[in-house]
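Engineer: generate coordinates for the sequence data below:
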Amino acid sequence: MKYTRLMICLLLAACAGKEGVQRGTAERDTEVKTAVKQDDTEAAAQAAALEKRAGLPKGILLADITNVLGAHLPARVDLFSYDDGITVALDAPQGLVEAEQPTGSYRAYVHVLEAEVPVMVEAKDVDIRENQVTDLEVNLLEGAGGIVSLRGFDSDGDLALDRVELAMGTDPNNAGSIPGRSERFYDTRVLNAATRWYCGEMQAYSSYGNGVEDVASLVKRAEKANLDFLAITDRNTLAAVDDPAYKSARLVCLPAMEWGTDPMGVALVYGPRTRPEPPGSVMAAQAECIRVQAQGGAWIIAHPAFPSKPWQWGLSFVNGVQIWFRDWREAPPLSLQQLGEKARERKDGHLIHSIAAAAAVVKHGDMSANGQSNLFYDYELVRGLMAGAIGGSGSGSPKVPLGCPLTYIHARELSVPGLLEGLRLGRTFVSRGPDGPKIYFGADVLSDGKTDVGIGGIVPLNTEVTFQVAVENALGMKLQVIENGRPIRTIPINGKNTGIQFKRVPTVEAAFRVRVIKPADPKDRGFGPLEVHAITSPIYARDITAELLWRNPNFDPDKSWVRIQSDEMVDIDLEIPENTTGAAPLQIPQI
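Structural biologist: This is a model prediction of the structure:
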């Protein structure tokens, strides 16, 4: 380190580079990661601060990040200025970074990348002086032995080591308490203590984002629509959540935001207890996804196949997928050419990403963007994803009704924590609106005639399971049972209330869903031959382990589920071939 510093001091005079040390570029120096707000005053203040720091004298920050064995670690340094409040991100993929910075006092938050996820391993105050080199050395003990990962030293899952949290005075057992971030607190009032299905709007915009209404007007409109909950999801801002008018005695106002960019796609973030970082790198996005979940929130991919903003972040471990946005047949499908090069990546000539596979198999007019989003969802389910489905109207004005489509969440109570828990557990279904079909979908594993598992739950492999489906308000439509993305039976609905049950012995991992469909009216404009009127999240077939049992808490079905009374439950034969006990898994197309 001393030799490196000596060399850099010489190089300052010569204005030359140094091999093996990454120099922070002007673009990186101005990559500001402060919270994104749409307040003009704050934006102007930030622009003024950037202009001021551009004229300040400069010094050099030299960061050297290793473990105790002397191996350099891929890292990122977030440099927060005490003088102007701006944070600059400095990437150090080889564990070394040298960057010219304005003089002043800073706090350096050092993150080491583990499986491409940044974990905070140190926080230090540093002073940068004119024409001088400031050393930032980190010699990391945690994780050096290779037995316990870095995240094994992070008790609350907020991606900050317990040691760092204790040194900085934050709580290592509270994922909302993180060095350098302000913890957010939400209204946890219980508006209804009953455990049942609640319905509401998962994606709406106020005047803080793309909408035309102020928050108070939007809340009143949701109350008038008799919704149980409302989520205002303005792009990359929590301004609506902070608005004093975002409250109601009649419905739950979910803390939420839309996160992302049009070129890369967007996610819907519910219940974040710290402000998510603005969209940047994939590694930072994955960290926010993990952190939000550790805080008890949910990270959901929004309309992944919409051509104007297709999902290309490629994150793992999301909590859900928005499979229904606006009218089912309204938007055209995504083409493969509308995706970036990375999303169209191939291996042995075959597409490897679900979003590309979904785009490649659909011809213009054959399917809507929502149908294509469902195809993406099914591909991910087959690959092992366990995540619920939601809908959203994207309403930004009274011209677009709230709750069309309408998302139902089965929750232990009507409250922010109750709804977030139901959302994270995948206990959801979506209907076209308040007058759309309602679906009951459950499974009897113990063969005692009672519901043991509901939507979002798990049934064991190699055990006969009786699935039960009941539908209300779907006369003249068709009920379709889907296994691993493939319809295995379609039943006409000839009564106002229709119920069926069928048996299955799953021998491989599977995802079972149900939807209500009807042929589209040829006179109606739109894409695809079908109108979907309601669709559920899956019941999963898995090898039951202790890790999975938490998804199936003990409950009394008579109290926990809203039973849709059907005049008759009809047994159906799924006509399973003798040589198999399950539908063939959906395969990613080979193109």
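Engineer: quick one: end-to-end distance for stretch 257-275.
Structural biologist: Using Cα to Cα, to the nearest Å, the gap from the first to the last residue of stretch 257-275 comes to 10 Å.
Engineer: same question for that stretch, mean pLDDT?
Structural biologist: The average of the pLDDT scores along stretch 257-275 is 97.
Engineer: could you do stretch 121-139 as well?
Structural biologist: Here the mean pLDDT over stretch 121-139 is 96, rounded to a whole number.
Engineer: what of stretch 501-509?
Structural biologist: On average, the pLDDT along stretch 501-509 is 93.
Engineer: what comes up buried for it?
Structural biologist: 501, 502, 504, 506, 508, 509 (16 or more other Cβ atoms under 10 Å). To be clear about C-beta, it is placed using only N, CA and C from the backbone, and glycine gets the same treatment.
Engineer: same check, this time on stretch 224-236
Structural biologist: With burial defined by 16+ other Cβ under 10 Å, the residues of stretch 224-236 counted as buried are 225, 227, 228, 229, 230, 231, 232, 233, 234, 235, 236.
Engineer: distance check, the second one against residue 361.
Structural biologist: If you measure residue 227 against residue 361 using Cβ to Cβ, to the nearest Å, the figure is 36 Å.
Engineer: which stretches of the stretch 401-550 of the chain have low pLDDT?
Structural biologist: Low-confidence segments of the stretch 401-550 of the chain, defined by pLDDT under 70, are located at 545-550.
Engineer: closest to residue 209 out of the buried residues of stretch 501-509?
Structural biologist: Within the set of these, residue 509 lies nearest residue 209; the separation is 39.0 Å, counting by Cβ to Cβ.
Engineer: so residue 330 touches residue 368, yeah?
Structural biologist: Yes: with contact defined as Cβ atoms under 8 Å, residue 330 and residue 368 form a contacting pair (6.9 Å).
Engineer: what touches both of the two?
Structural biologist: Taking Cβ atoms under 8 Å, 6 or more residues apart in numbering as the criterion, residue 330 and residue 368 both touch 526, 527.
Engineer: looking at these two, which is more packed in?
Structural biologist: Shown here are residue 330 and residue 368; by other Cβ atoms under 10 Å, residue 368 has more neighbours (30 against 13).
Engineer: and the residue nearest to the more buried one when sequence neighbours are not counted, helix, strand or coil?
Structural biologist: Of all residues beyond its chain neighbours, the one nearest residue 368 is residue 527 (4.0 Å), with distances taken as Cβ to Cβ, 6 or more residues apart in numbering. Following DSSP: H, G, I helix; E, B strand; the rest coil, the label given to residue 527 is coil.
Engineer: wait, residue 527 touches residue 372, no?
Structural biologist: No: between residue 527 and residue 372 no contact is recorded; they are 9.2 Å apart, counting by Cβ under 8 Å.
Engineer: shared neighbours, the two?
Structural biologist: Counting by Cβ under 8 Å, 6+ apart, the residues touching both residue 527 and residue 372 are residue 333.
Engineer: and the helices in the stretch 1-150 of the chain?
Structural biologist: With DSSP state H, counting those that start in this stretch applied, the stretch 1-150 of the chain shows helices at 2-14, 26-29, 40-54, listed in chain order.
Engineer: and those, which one is worst for confidence?
Structural biologist: The bottom spot among the helices of the stretch 1-150 of the chain, by mean pLDDT, belongs to helix 26-29, with a mean of 31.
Engineer: what helix or strand is the spatially most central residue of the chain on?
Structural biologist: Using Cα atoms, centre = their mean, the residue of the chain that lies closest to the mean C-alpha position is residue 299, 2.3 Å off. In the assignment (DSSP states H and E), residue 299 maps to strand 298-301.
Engineer: who does that strand pair with, and is each partner parallel or antiparallel?
Structural biologist: Based on DSSP bridges, the strands next to strand 298-301 in the sheet, each with its direction, are strand 265-270 (antiparallel), strand 320-325 (parallel).
Engineer: in CSV: those, plus mean neighbour count and distance to residue 155.
Structural biologist: Rendered in CSV, the data for these read as follows (neighbours: other Cβ atoms under 10 Å; distance: least, Cβ to Cβ, whole Å):
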stretch, mean neighbour count, distance to residue 155
strand 265-270, 27, 23
strand 320-325, 27, 26
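Engineer: for those strands, which one sits closest to residue 67?
Structural biologist: Once these are compared by Cβ to Cβ, strand 265-270 is nearest, at 32.8 Å.
Engineer: tell me how far the closest one lies from the chain's centre.
Structural biologist: 6 Å (Cα atoms, centre = their mean, to the nearest Å).
Engineer: and what of stretch 413-426?
Structural biologist: Counting by Cα atoms, centre = their mean, stretch 413-426 comes out at 15 Å from the chain centroid.
Engineer: where exactly do the helices run in the protein?
Structural biologist: Remark: helices of the chain, listed N- to C-terminal, are 2-14, 26-29, 40-54, 162-168, 215-224, 239-242, 282-294, 354-360, 369-382, 416-424, 546-549, 557-560; assignment by DSSP state H.
Engineer: let's have those in JSON lines, adding distance to residue 318.
Structural biologist: Compiled in JSON lines, the helices of the chain are given as follows (distance: least, Cβ to Cβ, whole Å):
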{"stretch": "helix 2-14", "distance to residue 318": "41"}
{"stretch": "helix 26-29", "distance to residue 318": "28"}
{"stretch": "helix 40-54", "distance to residue 318": "30"}
{"stretch": "helix 162-168", "distance to residue 318": "26"}
{"stretch": "helix 215-224", "distance to residue 318": "26"}
{"stretch": "helix 239-242", "distance to residue 318": "21"}
{"stretch": "helix 282-294", "distance to residue 318": "6"}
{"stretch": "helix 354-360", "distance to residue 318": "12"}
{"stretch": "helix 369-382", "distance to residue 318": "9"}
{"stretch": "helix 416-424", "distance to residue 318": "11"}
{"stretch": "helix 546-549", "distance to residue 318": "18"}
{"stretch": "helix 557-560", "distance to residue 318": "26"}
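Engineer: quick one, which of those is nearest to residue 102?
Structural biologist: Closest among the helices of the chain, using Cβ to Cβ: helix 40-54, at 4.5 Å.
Engineer: buried stuff in that closest one?
Structural biologist: Of the residues in helix 40-54, 46, 49, 53 count as buried by neighbour count, 16+ other Cβ under 10 Å.
Engineer: reformat the residues you listed as TSV; add distance to residue 315.
Structural biologist: Below are the buried residues of helix 40-54 laid out as TSV (distance: Cβ to Cβ, whole Å):
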residue	distance to residue 315
46	28
49	32
53	33
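Engineer: so which of those comes closest to residue 494?
Structural biologist: Proximity of those to residue 494 was ranked by Cβ to Cβ; the top entry is residue 46 with 62.5 Å.
Engineer: okay, now the residue nearest to residue 125 when sequence neighbours are not counted: neighbour count?
Structural biologist: Spatial nearest neighbour of residue 125, chain neighbours left out: residue 107 (5.4 Å); criterion: Cβ to Cβ, 6+ apart. Taking other Cβ under 10 Å as the neighbour definition, residue 107 ends up with a count of 17.
Engineer: pretty sure residue 107 sits against residue 82.
Structural biologist: Yes: Residue 107 lies in contact with residue 82 (Cβ under 8 Å); the separation is 7.0 Å.
Engineer: ok, which stretches of the stretch 51-200 of the chain are strands?
Structural biologist: Under the criterion DSSP state E, counting those that start in this stretch, the stretch 51-200 of the chain carries strands at the ranges 58-67, 75-81, 87-92, 96-102, 104-114, 117-128, 133-140, 196-204.
Engineer: show me what contacts residue 327?
Structural biologist: Neighbour list for residue 327: 404, 526 [criterion: Cβ under 8 Å, 6+ apart].
Engineer: tell me how far it lies from residue 531.
Structural biologist: With distances taken as Cβ to Cβ, residue 327 is found 9 Å from residue 531.
Engineer: again, but for residue 312
Structural biologist: Between residue 312 and residue 531 the distance is 29 Å, computed by Cβ to Cβ.
Engineer: for residue 510, same thing?
Structural biologist: Distance, residue 510 to residue 531, using Cβ to Cβ: 26 Å.
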